[in-house]
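> For reference, the sequence and a predicted model appear below.
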Protein chains: 2
Amino acid sequence: MDAVRFELIKKDAGTHARRGRLITPHGTIETPVFMPVGTAATVKAMRPEQIAEMGAGILLSNTYHLFLRPGHEIVREAGGLHKFMNWNGAILTDSGGFQVFSLGALRKITEEGVSFRSHIDGSKRMLSPEISMEVQHALGSDIIMAFDECAPYPADRRYVQNSMARTHRWLARCKAAHTDTERQSLFGIMQGGTYADLRAESAKAVTDLELPGYAIGGLSVGEPKLLMYEIMDGCVELLPQEKPRYLMGVGSPDCLFEGVERGIDMFDCVLPTRIARNGAAMTSQGQLNIKNARFERDFGPLDPNCGCYTCRNYSRAYLRHLFKCDEILSSMLLTTHNLYFLIKLMERMRRALDEGTFSALKKQFFADYYHGEEIS
Amino acid sequence: MDAVRFELIKKDAGTHARRGRLITPHGTIETPVFMPVGTAATVKAMRPEQIAEMGAGILLSNTYHLFLRPGHEIVREAGGLHKFMNWNGAILTDSGGFQVFSLGALRKITEEGVSFRSHIDGSKRMLSPEISMEVQHALGSDIIMAFDECAPYPADRRYVQNSMARTHRWLARCKAAHTDTERQSLFGIMQGGTYADLRAESAKAVTDLELPGYAIGGLSVGEPKLLMYEIMDGCVELLPQEKPRYLMGVGSPDCLFEGVERGIDMFDCVLPTRIARNGAAMTSQGQLNIKNARFERDFGPLDPNCGCYTCRNYSRAYLRHLFKCDEILSSMLLTTHNLYFLIKLMERMRRALDEGTFSALKKQFFADYYHGEEIS
């Protein structure tokens, strides 16, 4: 039996949205779910149990970063990533593909894999389907991702087609290299860029392998949002109902709603944690930047409708002070708030799906958060 | 009645050490005590309740920094420093004197006070006894410190004498400006550098004002430790038994023991928090630096004899990884550990004083921590 199983609980009446459940070796996760990102085996500025207390049951961590530092053998010797980073919930690791392709001139693609120079010390390294599997086996994450190429946007059709075909060959190699399916589950990733016919071809190639879950890769890489939604619509139709669907790298509130509405079950993004370190907070009334002078004497909480640790205990004036002083506590408190905001937003979406009120929730949220503004 | 009172509980038989108790408007603090430093209204990298949970009952915060940023009027409007920073324990604020004198060429001393350029924006500012009192009144700290000059080391006798005499005149002005003694208690600071006769003169001048507590200033500013201990011996003799004695800016384990042994009741220092951010940990076997290559595959805790959050949950290998990746969690976990270490060390000293075993504890600690090495 696969390490990770998906149960479809309910389909929304008015949309393609669904309520489901991921059963993993490290707990059961209600879906749709947002996964906080812990790149280097830490969600930046958070103690892990603070994230668990908010209700998060699954984190994402990055194979590329851990492969380079501290090295997967050290994580293996530590007893795996869960033990190493003191996180008893589920973990999904990406394959390292996205990061090595982002290295641009520092990497070279062959059929075998990708050779590249480490961004840390310039040393020559290699990732391939087999190496990515080996690293993720050492990490011991519950869900491991196939080694793929995420084609850039824009990219011409021939490039995307060749890249996609290679990604499919690599997926077969990943599957062959991943034998202990009872310990970890391998998810496949569809590619195909913004070309609908390539997306269809990719969906068939990937789902033919009958994997326990599927990701939509190659979106949210710079294309207009309306185009992303259009491609997403096409992709989701081609994926089986009984398997979880993961939209990689997406985490803005509008995209979470649009993704859920289209039938996505899993999301991850550095957005809430990264913008927190830059002083930005997601609130029920929209995003605000705490360094704004208007908060200098604002002794109210970040978000009067929020029950997070930060909002219960600190004022905007204090948070602005911390940010301006470049205090570590600023990152700690804003990260706490933003993660809480997104985790509770997903909870609200799940409850709305349970109660058949998802579309109403979406409409109200957009009115409150975006105030009717165009989102691009 | 004074806001802060001191109760002398017990005098050690073999040394000048004492057990006591500070009763403040924000709780009772057992002495001798180490006060963590929260310079800009935050103990760097810590949530305040994490410090309280370790057993800390009093923090130090810096008038100079809060005067410049966010400005004491904002803290006053926030309801005072306790509320602003979400700390319900006691707070001691320094006077700003030490920091403005450290500005060197950027400051100018007159009888009135010190005019200086802000290190943040270069703006022209002024601190004087009256202004320091006003700022500390706005902050609302339980213990406020007199505005003094901490003379550098080395300094010639004439400089120290003039500076000390002015500090005494400033102390009288501080006392005159501080009328609400039931809300906040003003502590005086003796100076006199390394000159025993000037120290005696300062002790008399300061204690003649019958303040609720006295600090020894001008030590731990670069002089050899043996000279510091010698001066300290002389100072403590001249201070009344029934008032608390505060040695400013001291926090290395050896100096804490030497200070307690000589009859000091209160200490503060940035040492544990600052070295934590540089990767250094205080352990029962001495100080270690986590970036050392020998910890790469060390899956044991920082200190096997420590019960802190960090040692209960993380390995040296993980902490080294975090430090090398410049992760915020590294500062969070090492600060947690170092503060716990010093707070528990003071607890052990107090228990040893209760039980009459202080000298034995000191001997054992030095053997374990310093391994018989010379400490300079």
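Happy to help now that I have it. Every value quoted in this text rests on a predicted model; they were computed, and no experiment measured them.
> Get me the contact residues on the stretch 151-300 of chain A for chain B.
Residues of the stretch 151-300 of chain A lying close to chain B (CB under 8 Å from any CB of the partner chain) are A:296-297, A:299. Where you see a C-beta, it was placed from the backbone N, CA and C, and this is true even at glycine.
> Spatially nearest residue to the residue of the stretch 151-300 of chain A found nearest chain B, not counting backbone neighbours?
In the stretch 151-300 of chain A, the residue found nearest to chain B is residue A:299; the distance is 5.5 Å by CB to the nearest CB. With CB to CB, 6 or more residues apart in numbering or on different chains as the criterion, residue A:299 has its nearest non-adjacent residue at 4.5 Å, and that residue is residue A:315.
> go on, residue A:338?
Here the residue nearest residue A:338, using CB to CB, 6+ apart, is residue A:272, at 3.7 Å.
> quick one on the thing from earlier: give the contact list for the residue of the stretch 151-300 of chain A closest to chain B.
A:315-317, B:77-79 (CB atoms under 8 Å, 6 or more residues apart in numbering or on different chains).
> before we move on, back to that, the residue nearest to residue A:338 against residue A:43, yeah?
No. Counting by CB atoms under 8 Å, residue A:272 does not reach residue A:43; the two are 9.9 Å apart.
> Give me the common contacts of the two.
Counting by CB under 8 Å, 6+ apart, the residues touching both residue A:272 and residue A:43 are A:36, A:335, A:339.
> show me where the stretch 101-250 of chain A has helices.
A:129-139, A:157-177, A:196-207, A:225-237 (DSSP state H, counting those that start in this stretch).
> just for chain A, where's the confidence low?
By pLDDT under 70, the low-scoring segments of chain A are A:376.
> which residue is nearest the middle of it?
With distances taken as CA atoms, centre = their mean, residue A:268 lies nearest the centre of chain A, 1.5 Å away.
> distance of the nearest residue to residue A:62 once chain neighbours are set aside from residue A:99?
Nearest residue to residue A:62 in three dimensions, chain neighbours excluded: residue A:39, at 4.8 Å (CB to CB, 6+ apart). Distance, residue A:39 to residue A:99, by CB to CB, to the nearest Å: 9 Å.
> before we move on, what about residue A:9?
Note on residue A:9: its distance to residue A:99, by CB to CB, is 34 Å.
> The two: which has the busier surroundings?
residue A:99 (22 against 14; other CB atoms under 10 Å in any protein chain shown).
> Next up, the contacts around that one.
Per CB under 8 Å, 6+ apart, neighbours of residue A:99: A:62, A:64-65.
> same deal with residue A:20?
Residue A:20 neighbours (CB under 8 Å, 6+ apart): A:6-9, A:30-32, A:244, A:265.
> and what of residue A:186?
Residue A:186 touches A:133, A:143-146, A:174-175, A:178, A:211-212, counting by CB under 8 Å, 6+ apart.
> Please repeat the previous calculation with a cut-off of 10 Å.
A:2-4, A:95, A:133, A:136, A:143-146, A:171, A:174-175, A:177-178, A:209, A:211-213 (CB atoms under 10 Å, 6 or more residues apart in numbering or on different chains).
> Also residue A:100?
Counting by CB under 10 Å, 6+ apart, the residues that residue A:100 touches are A:63-64, A:67, A:106-109, A:113-116, A:119, A:125-127, A:132, A:147, A:149.
> residue contacts, residue A:120?
Residue A:120 touches A:65, A:68-69, B:324-325, counting by CB under 10 Å, 6+ apart.
> Distance across stretch A:107-124, terminal residue to terminal residue?
Terminal residues of stretch A:107-124 lie 9 Å apart, using CA to CA, to the nearest Å.
> picking that back up, can you pick out the most distant pair from the contacts of residue A:120?
Spatial extent of the contacts of residue A:120 (CB to CB) is set by the pair A:65 and B:324 at 11.6 Å.
> what touches both of those two?
A:40, A:120.
> For chain B, what's the nearest residue on the stretch 101-250 of chain A?
residue A:120 (9.1 Å).
> Give me the distance between that residue and residue A:38.
Residue A:120 is 18 Å from residue A:38, by CB to CB.
> Going along the chain from the helix ranked longest in chain A, find the next helix or strand for me.
Across chain A, the longest stretch assigned as helix under DSSP state H is helix A:328-355. Downstream of helix A:328-355, the next assigned helix or strand under DSSP states H and E is helix A:358-370.
> Now do that following helix against helix A:328-355, angle only.
Angle, helix A:358-370 to helix A:328-355, by axes from the mean of the first three to the mean of the last three CA atoms, to 10 degrees: 150 degrees.
> Flag every buried residue along helix A:358-370.
For helix A:358-370, burial by neighbour count (16 or more other CB atoms under 10 Å in any protein chain shown) applies to A:358-359, A:361-362, A:365-366, A:369.
> and which of these is nearest chain B?
residue A:369 (27.4 Å).
> what comes up buried for stretch A:240-250?
Residues of stretch A:240-250 classed as buried by neighbour count (16+ other CB under 10 Å): A:243-250.
> From the residues you listed, which land in strands?
Applying DSSP state E to those, the entries found in strands are A:245-247.
> can you list these in TSV and add distance to residue A:309?
Converted to TSV, these look like this (distance: CB to CB, whole Å):
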residue	distance to residue A:309
A:245	32
A:246	29
A:247	29
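> which among those gets closest to residue B:304?
Among those, and counting by CB to CB, the member closest to residue B:304 is residue A:246, at 41.3 Å.
> Looking at strand pairing, list the partners for that closest one.
For residue A:246, the beta-bridge partners under DSSP bridges are residue A:215, residue A:266.
> Pull the contacting residues for it.
Contacts of residue A:246 (CB under 10 Å, 6+ apart): A:22, A:31, A:33, A:35, A:60, A:92, A:143, A:145, A:187, A:189, A:213-217, A:259, A:264-268.
> Of these, which belong to strands?
A:22, A:31, A:33, A:35, A:60, A:92, A:143, A:145, A:187, A:189, A:214-216, A:266-268.
> just the buried members of those residues?
A:22, A:31, A:33, A:35, A:60, A:92, A:143, A:145, A:187, A:189, A:214-216, A:266-268.
> Could you check how far the residue nearest to the centre of chain A is from residue A:130?
On the measure of CB to CB, residue A:268 and residue A:130 end up 24 Å apart.
> now do residue A:110
Using CB to CB, residue A:110 is found at 13 Å from residue A:130.
> out of those two, which sits in the busier spot?
Using other CB under 10 Å as the criterion, residue A:110 and residue A:130 rank with residue A:130 on top: 17 against 10.
> Residue A:60 versus the spatially closest residue to that one that is not a sequence neighbour, what's the distance?
Nearest non-adjacent residue to residue A:130, counting by CB to CB, 6+ apart: residue A:177, 4.8 Å away. Here residue A:177 is placed at a distance of 21 Å from residue A:60 (CB to CB).
> and the gap between residue A:83 and residue A:18?
33 Å.
> Compare neighbour counts for those two and give me the winner.
More crowded of residue A:83 and residue A:18, by other CB under 10 Å: residue A:18, with 20 against 15.
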